[in-house]
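Participant: no FASTA, just this:
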């Protein structure tokens with residue numbers, strides 16, 4: 001979509017045209033879900049986060065500066081919603097996977113030492129996990145990751161480096177974790 005066509009859609013959406021908003025956000029929903037799932041590791045929570053982020057984007061559309069690309073702006077809202085979800089008290093209290101006996105450290109360590117990259121990502125701090133998911137799962141360039149996360153490019157690179165370094169012990173020699 002050309003910049004001119006995009007700006008026209010943005011102005012129509014700001015005027016209350018929901019179809020224009022759908023055309024702007026629609027192409028990014030799949031990527032937004034993959035990002036949310038990578039952050040939250042829960043399908044329903046990811047769907048809820050994207051839905052809530054889409055509603056927030058609609059409400060905050062007036063804050064979108066002219067010339068701002070839609071993808072990093074929208075994915076930034078999704079990232080903020082995921083952070084809010086992760087900070088929520090009920091998320092940490094109610095969330096568990098499988099039978100309670102299956103959550104022992106030995107069981108989890110056996111899974112992680114296999115091929116479960118998602119389990120290794122779960123062990124990372126949220127800030128490191130976010131940049132790795134955006135860059136490697138969503139294949140976004142570092143400058144877009146920086147825009148979405150609201151941090152400088154250098155900080156993105158250092159968080160990615162620390163995250164990868166922290167994940168290395170969870171993989172056997174010869175497995176591809178770069």
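Facilitator: Received the coordinates, thanks. Since we're looking at a predicted model, the values are computed, not measured. Numbers count the residues shown, from 1 in each chain.

Participant: Ramachandran coordinates for residue 140?
Facilitator: Per-residue torsions, residue 140: phi -90, psi 140 (degrees, to the nearest 10).

Participant: lowest average confidence, helix or strand, in this structure?
Facilitator: With mean pLDDT, DSSP states H and E as the measure, the helix or strand of the chain carrying the lowest mean pLDDT is helix 105-113 (a mean of 40).

Participant: What mean pLDDT does the helix or strand hosting residue 78 get?
Facilitator: Assigned by DSSP states H and E, residue 78 belongs to helix 70-87. Throughout helix 70-87, pLDDT has a mean value of 91.

Participant: Equivalent analysis for stretch 45-61, please.
Facilitator: For stretch 45-61, mean pLDDT rounds to 94.

Participant: any residues touching that stretch, and which ones?
Facilitator: By CB atoms under 8 Å, 6 or more residues apart in numbering, the surrounding residues in contact with stretch 45-61 are 10, 13-14, 18, 21, 25, 29, 32-33, 36-37, 39-40, 73-74, 77-78, 80-82, 85, 91, 95. The way it works is simple: take the backbone N, C-alpha and C, and place the C-beta from them, glycine included.

Participant: Name the nearest residue to residue 133, sequence neighbours excluded.
Facilitator: Of all residues not flanking residue 133 in the chain, residue 38 sits nearest, at 3.4 Å (CB to CB, 6 or more residues apart in numbering).
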